[in-house]
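Q: What follows is a predicted structure for the sequence shown.
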Amino acid sequence: MWTDNELSARIDQTVEWLQKKVTEANAKGVVVGISGGVDSAVVAGLCSRAFPENCIGVVMPSHSNPDDTEDALWIAEGFEIRTIEVNLSGAHTQVMGQVKKGLESISCNLVAEKMSQGNLKARLRMSTLYAVANAMNYMVVGTDNAPESYTGYFTKYGDGGVDLLPISSLTKTEVRAWARMLGLPMRIATRVPTAGLWPGQTDESELGITYDQIDRYLLGEEVSPEVQERIESLHRQSEHKRNMPPSLELPKLKRLD
């Protein structure tokens, strides 16, 4: 395990990196979506240190557990982050309702409605963060950690569509250690990870493996062949999420005068 000095140095390095990247982009500050979970809580803490006067937290419930919103607001208050709440429940219902109605009109059946609804939540949230960021000349800071990045456990153009990813090299174990260093309580650090995409949804139930198993694999430690194959399968299937869209390069045609 790491010493407090090692963790503190890495946190300071990350804060400086955030400041450097925002300066290079000629932006003025940062926006972060706060969900109540440990990843967004840690990123909120980093952002508040990097830009104490120019950081905005956005809480975006969408048919969400009220406890999530309460925890998110509590985290923002603890880090003294200016916060706005944008309830996306109505927008989500309206868009999804029209999508279903439109598909029914052309005799298409929804084969993955739960996934479609969940990903729509993530994409509405990211659109909201960019609406705030554009209005303020801020940058959007993402909250994906190393296990999520490696396995592709993020929504393409949702929580994966951000300007900066400060904790994408951290295992979940280290994220929790950073939470302690940033003064977050155990109930946040040890909370069951969930993206809140639908009632009862948890990260590990969707992944089919635990964060601890992914952490150990990423650190080069021994895991069972079944766990290794599951992780590598997820990595292969999600490769498209980590790359820019393929672009077809056709030869230029000369105009006929």
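A: Thanks, I have the structure now.
Q: pLDDT at Leu197, what is it?
A: Looking at Leu197, its pLDDT is 66.
Q: oh sorry, the question was meant for Gln201
A: Per the predicted model, pLDDT is 70 at Gln201.
Q: got it, and the one 4 residues further on?
A: pLDDT, the model's per-residue confidence, is 84 for Ser205.
Q: So for the helix or strand harbouring it, what gets flagged as buried?
A: Per DSSP states H and E: Ser205 is located in helix 203-207. Within helix 203-207, the residues that count as buried by 16 or more other CB atoms under 10 Å are Asp203, Glu204, Leu207. Every C-beta, even on glycine, is put in place using the N, C-alpha and C of the backbone.
Q: got it, and stretch 87-105?
A: Leu88, Ala91, His92, Met96.
Q: So which elements touch the helix or strand harbouring Asp212?
A: Asp212 is part of helix 211-218, with elements assigned from DSSP H and E. In terms of contacts (3 or more CB pairs under 8 Å, 6 or more residues apart in numbering; DSSP states H and E), helix 211-218 is packed against helix 146-151, helix 172-181, helix 203-207, helix 225-237.
Q: Give me the neighbour count for Val32.
A: Neighbour count of Val32, defined by other CB atoms under 10 Å: 31.
Q: That one touches Cys47, doesn't it?
A: Yes. With contact defined as CB atoms under 8 Å, Val32 counts as touching Cys47 (5.1 Å).
Q: what do those two both touch?
A: Residues touching both Val32 and Cys47 by CB atoms under 8 Å, 6 or more residues apart in numbering: Cys55, Gly57, Ile81, Val141.
Q: Tell me which two in the residues you listed are the farthest apart.
A: Of all pairs drawn from these, the greatest distance, 11.7 Å, lies between Ile81 and Val141 (CB to CB).
Q: So if I had to pick from those two, which one is more boxed in?
A: Neighbour count, other CB under 10 Å: between Ile81 and Val141, Val141 has more, with 29 against 21.
Q: Report the buried residues of the lengthiest helix in the chain.
A: Criterion DSSP state H: the longest helix present in the chain is helix 113-136. Within helix 113-136, the residues that count as buried by 16+ other CB under 10 Å are 117-126, 128-130, 132-133.
Q: Other residues contacting the very next helix or strand once past that helix?
A: Later in the chain than helix 113-136, the nearest helix or strand by DSSP H and E is strand 138-141. Here strand 138-141 makes contact (CB under 8 Å, 6+ apart) with 18, 21-22, 25, 27-32, 43, 46-47, 54, 56, 126, 129-130, 132-133, 162-166.
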